[in-house]
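Asker: Task: produce atomic coordinates for the following.
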Amino acid sequence: MVSQEQRRRQLAREKFLRQQQRRTDARRKSRTRNAVIASALGVVLIGSLALYTTGVLKDDGKTNAGAEVTESAAPSKAPDPCDKPAAGKPTSETWKKEPAMSIDKSADYTMKLATTCGDIDIALKASAAPHTVNSFSFLAGKGYFDHTKCHRLTTNGIYVLQCGDPTASGTGGPGYQIADENLKDKSLKGNVYPAGTVAMANSGPNTNGSQFFLVYQDSQLPPNYTPFGTVSEPGMAVLKKIAGAGESTGAGDGAPNATVVLNKATVTKS
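Answerer: Numbering: from 1, shown residues only. Below is the predicted model:
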């Protein structure tokens, strides 16, 4: 016969075993639940990453970033500060060699860029950069720059507007190249191209064609780009207006938001 004390101990042991089993079952259920939650979170994370990568889900600074943006709620683009271009299209003409020297190196020359944003007058450095000025005189006389877009505006690091490419792609040129000139110009101090400088864009030493840039704010650059002109004060106001409209990428280097077209370029001896 089982004594009362033995019965009490047996019941206590059975109770302990039941408690242990319940704890074991609870831990197992918890692990299963956590695994399901982790799996679900992984799916959400992967889906969110895919949406972010494709640009569908991104933080645009709005409180309700996940909501569909209606046309009326979309940010409006600033008005174009420039006029519509004159009728016409850029030339596709090119030449096999640099034009023969026809300018007077001792004379003063100016170049007027009649742009959709206003006129930009440039005093040319004929004596310091004769081949460059001679080339611009030749190309302007052929209407090479007429109806061409200024295709690049840089607003970060350096501050320039680049023009002179009839294709507006950054790869166009007149078919010939000219050597670098005037790289020791007294205006270039401490590797800075001061505001108002007009210089040649190139792809390396002595690869100058027709593309040039206008500096609207002091820019740190190595002296590798032929400085051949200086923008007048009224022209600087035009450049700053163009720069104020920003560029297309938002990263500081892209096409100008302003419609900058050279309706006409003229080089004049004075």
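Asker: Next up, the contacts around the closest residue in space to V215 that isn't next to it in sequence.
Answerer: Spatial nearest neighbour of V215, chain neighbours left out: T197 (4.4 Å); criterion: CB to CB, 6 or more residues apart in numbering. Every residue, glycine included, has its C-beta placed from N, CA and C. Residues in contact with T197 (CB atoms under 8 Å, 6 or more residues apart in numbering) are S187, L214, V215, P227, G229, T230, V231.
Asker: Quick check: strands, which of the residues you listed are part of them?
Answerer: The members of the contacts of T197 that map onto strands under DSSP state E are L214, V215, P227, G229, T230, V231.
Asker: I'd like to know which of those residues is nearest to A255.
Answerer: Among those, L214 lies closest to A255 (CB to CB), at 15.4 Å.
Asker: can you pull out the helices in this protein?
Answerer: 4-54, 130-141, 233-244 (DSSP state H).
Asker: among the ones you listed, which gets the worst mean confidence?
Answerer: Among the helices of the chain, helix 4-54 carries the lowest mean pLDDT, at a mean of 47.
Asker: Would you confirm that T268 contacts K112?
Answerer: Yes - taking CB atoms under 8 Å as the definition, T268 is a contact partner of K112 at 7.2 Å.
Asker: who has more neighbours, the two?
Answerer: Neighbour count, other CB atoms under 10 Å: between T268 and K112, K112 has more, with 17 against 13.
Asker: longest strand anywhere in this structure?
Answerer: strand 261-269.
Asker: what separates that one from the chain centre, distance-wise?
Answerer: Here strand 261-269 is found 26 Å from its chain centre; the criterion is CA atoms, centre = their mean, to the nearest Å.
Asker: repeat for stretch 150-158
Answerer: Relative to where its chain is centred, stretch 150-158 has its mean C-alpha point 7 Å off (CA atoms, centre = their mean).
Asker: Repeat that for stretch 109-117.
Answerer: The answer for stretch 109-117 is 24 Å, by CA atoms, centre = their mean.
Asker: What of stretch 151-167?
Answerer: Per CA atoms, centre = their mean, the centroid offset for stretch 151-167 relative to its chain is 9 Å.
Asker: pLDDT below threshold where in the protein?
Answerer: 1-78 (pLDDT under 70).
Asker: Now Y216: closest residue in space, sequence neighbours ignored.
Answerer: Y216 sits nearest to L239 (CB to CB, 6+ apart), 4.0 Å away.
Asker: Equivalent analysis for G170, please.
Answerer: H151 (6.0 Å).
Asker: My guess is the one you found contacts L161. True?
Answerer: No - here H151 does not reach L161: they are 9.5 Å apart, not a contact under CB under 8 Å.
Asker: For those two, work out which one has more neighbours and name it.
Answerer: More neighbours surround L161 than the other of H151 and L161, with 26 against 21 (other CB under 10 Å).
Asker: That one contacts L153, correct?
Answerer: Yes - counting by CB under 8 Å, L161 does reach L153; the two are 5.5 Å apart.
Asker: who touches both of the two?
Answerer: Common neighbours of L161 and L153 (CB under 8 Å, 6+ apart) are I242, A243, P256, V260.
Asker: Which of the residues in stretch 151-164 are classified as buried?
Answerer: Neighbour counts over stretch 151-164 (16 or more other CB atoms under 10 Å) mark H151, R152, L153, T154, T155, I158, Y159, V160, L161, Q162, C163, G164 as buried.
Asker: Let me see the contact set for the closest residue to V231 other than its chain neighbours.
Answerer: Ranked by CB to CB, 6+ apart and with sequence neighbours excluded, the top spatial neighbour of V231 is G196, at 4.6 Å. Taking CB under 8 Å, 6+ apart, we find G196 in contact with V215, T230, V231, M236.
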